[in-house]
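K.L.:
okay, here's the prediction I keep looking at, along with the sequence it came from:
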Amino acid sequence: MRFGLQLGYWGAAPPQQVGELVVAAEQAGFDAVFAAESWGSDAFGPLAWWGSSTSRVRLGTSVAQLSARTPAATAMHALTLDHLSGGRAILGLGVSGPQVVEGWYGQPFAKPLQRTREYVDIIRKVLAREAPVVSDGPNYTLPFTGPGSTGLGKPLKPIVHPLRADLPIWLGAEGPKNVALTAEIADGWLAIYYAPRLAGMYNEWLDEGFARPGARRTRETFEIAASAQVIVTDDPASEIERLRWVMSLYIGGMGAPELNFHAQVYRRMGYEREVEEIGKLFQAGRKAEAAAVVPDEMVLDTTIIGNEDEVRKQIGVWEASGVTMMLVSVGDLDQLRRLMPLVAS
């Protein structure tokens, strides 16, 4: 089992001591460091800045949002970071949700699976640098010939020769169709709210993708990075209480009431009643009541909390379910030090 450090995205201000955390994570044996984006900080800048103090850990986006950049622009970011880091970049991509895509980026959210397939195909063409990049769309057309075009667009190859044509692309996916697409066209799956007890269901989705003609990977060469809170503590009750609030935010507030992918994940786990109640309370502004609805089991399905021996045992359960990397968030150096014996073992 490998470990990745999830830096996440920024709140109202840049987080403190992240540079020290990143360096300490590399020294502790972490395999990778990831940065995310929502509608504030971007995913690539922090990796270039804080990653410059490292020499071994891989640097990944978890995730860069498709609608934030054209496929060619994302390929430019990825190949630049890959050169600067000496071949350590992982390009993690995700579609986000309609509230962000249409409200923040001003782009249509429709047909996310189709858009993802086209987007990844264009990036791979850029990185391969075998010919000028062209795409027939319908979502991304190169050269552009639509309304307002001059007709002067020219197919191009990147000026910079990419360091790796096979720079790994991982996809953030939650639903069955998206996970199957990930297994078909990507090198890894960035799984959020992964529950080991549902491994059989995930394997069905993945196997559908692996079995498709032209699938890029097999199960043996595919990476599954599961984002999870891994907390070594002698007071699990207080951590569970804290995570109720985080979980209620994502279930009740991170998406429209009629289309919230995080809520759908927990419905598939069997928490239909709880999800409905959390959503109604959160949308009504009754956030404390929404958090109180979250049962312990709902938290523990997707997190690892306990003393060192209990955490080590649970990590083994996640590994046996197919996870190849635990992608963990760490708030400070003390939390990181608590994880060090587990990373090294």
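P.N.:
Structure's in. What do you need?
K.L.:
pLDDT of stretch 131-148, averaged?
P.N.:
The average of the pLDDT scores along stretch 131-148 is 96.
K.L.:
could you tell me the end-to-end distance of that stretch?
P.N.:
26 Å (Cα to Cα, to the nearest Å).
K.L.:
quick thing: my sequence starts at 24, can you match it?
P.N.:
Yep, numbering from 24; the last one is stretch 154-171 now.
K.L.:
could you list the buried residues of it?
P.N.:
By 16 or more other Cβ atoms under 10 Å, the buried positions in stretch 154-171 come out as 156, 158, 162, 163, 165, 166. Backbone N, C-alpha and C define where each C-beta goes, glycine included.
K.L.:
what about the second one, distance to residue 248?
P.N.:
For residue 158, the distance to residue 248 equals 28 Å [Cβ to Cβ, to the nearest Å].
K.L.:
show the pLDDT at the residue nearest to the spatial centre of the chain.
P.N.:
Compute the mean C-alpha point of the chain, and by Cα atoms, centre = their mean the closest residue is residue 85, 3.6 Å away. Listed pLDDT for residue 85 reads 96.
K.L.:
and if you look at residue 280?
P.N.:
You'll see residue 280 listed with a pLDDT of 67.
K.L.:
go on, residue 291?
P.N.:
pLDDT recorded at residue 291 is 88.
K.L.:
now for this structure, the helix or strand with the poorest mean pLDDT.
P.N.:
Ranked by mean pLDDT, DSSP states H and E, the weakest helix or strand in the chain is helix 284-291, scoring a mean of 84.
K.L.:
any weak-confidence spans in the stretch 24-173 of the chain?
P.N.:
Scanning the stretch 24-173 of the chain for pLDDT under 70 picks out no residues.
K.L.:
now do the helices in it.
P.N.:
Counting by DSSP state H, counting those that start in this stretch, the stretch 24-173 of the chain has helices at residues 41-51, 67-74, 94-107, 121-126, 135-151.
K.L.:
restrict stretch 95-114 to CA atoms and write it as CSV.
P.N.:
This file holds the C-alpha atoms of stretch 95-114, laid out as CSV (Å, rounded to 0.1, in the frame of the first residue of the first chain):
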residue,chain,number,x,y,z
ALA,A,95,-4.7,21.8,-25.0
ALA,A,96,-4.2,24.2,-22.1
THR,A,97,-4.4,21.4,-19.6
ALA,A,98,-1.9,19.4,-21.6
MET,A,99,0.4,22.4,-21.5
HIS,A,100,0.2,22.6,-17.7
ALA,A,101,0.9,18.9,-17.4
LEU,A,102,3.9,18.7,-19.7
THR,A,103,5.3,21.8,-18.1
LEU,A,104,5.0,20.4,-14.6
ASP,A,105,6.4,17.1,-15.8
HIS,A,106,9.5,18.8,-17.1
LEU,A,107,10.0,21.0,-14.0
SER,A,108,9.7,17.9,-11.7
GLY,A,109,11.8,15.5,-13.8
GLY,A,110,8.9,13.3,-14.8
ARG,A,111,6.9,13.1,-11.6
ALA,A,112,3.6,14.6,-12.7
ILE,A,113,0.2,12.8,-12.5
LEU,A,114,-2.7,14.5,-14.3
